[in-house]
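Visitor: using only what follows, build the 3D model:
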Amino acid sequence: MREHDQVTLDFLQAAGLLEADLVWSPDFDSIREPLAKYLRVVSSLGVANNPHLREVVNRLLKEENDLGI
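Guide: Numbering: from 1, shown residues only. Sure, this is the predicted structure:
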């Protein structure tokens, strides 16, 4: 899979995670839905997304994709 496609899928997965009915801290809960919408909008930019935003996505998915858990 191309890196561009993987980044796009990661953004979409992170958006789905943010939209999930999970227990979030109150301060994060207030921003998670707008952040999910934003990630969906910019997901198609793939590797052209800002590296800091890509890091946010990677951190959101780090534990989600940890097969060791």
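Visitor: in the protein, which spans are helices?
Guide: Secondary structure of the chain by DSSP state H: the helices cover 3-19, 26-42, 51-64.
Visitor: can you tell me which of the ones you listed is most buried?
Guide: When you average the neighbours per residue for each of those (mean count of other C-beta atoms under 10 Å), helix 3-19 leads with a mean of 17. C-betas here are computed from N, CA, C, even on glycine.
Visitor: tell me the angle of it relative to helix 51-64?
Guide: Relative orientation of helix 3-19 versus helix 51-64 (axes from the mean of the first three to the mean of the last three C-alpha atoms, to 10 degrees): 60 degrees.
Visitor: put the alpha carbons of helix 3-19 into CSV.
Guide: Provided in CSV are the C-alpha atoms of helix 3-19 (Å, rounded to 0.1, in the frame of the first residue of the first chain):
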residue,chain,number,x,y,z
GLU,A,3,2.1,5.8,2.0
HIS,A,4,-0.4,8.3,0.8
ASP,A,5,-3.2,5.7,0.9
GLN,A,6,-2.1,4.5,4.4
VAL,A,7,-2.2,8.1,5.8
THR,A,8,-5.7,8.6,4.3
LEU,A,9,-6.9,5.4,6.0
ASP,A,10,-5.2,6.3,9.3
PHE,A,11,-7.1,9.7,9.2
LEU,A,12,-10.4,8.0,8.6
GLN,A,13,-9.7,5.4,11.3
ALA,A,14,-8.9,8.1,13.8
ALA,A,15,-12.1,10.0,12.8
GLY,A,16,-14.1,6.8,13.5
LEU,A,17,-12.4,6.4,16.8
LEU,A,18,-13.2,9.9,17.8
GLU,A,19,-16.8,9.4,16.8
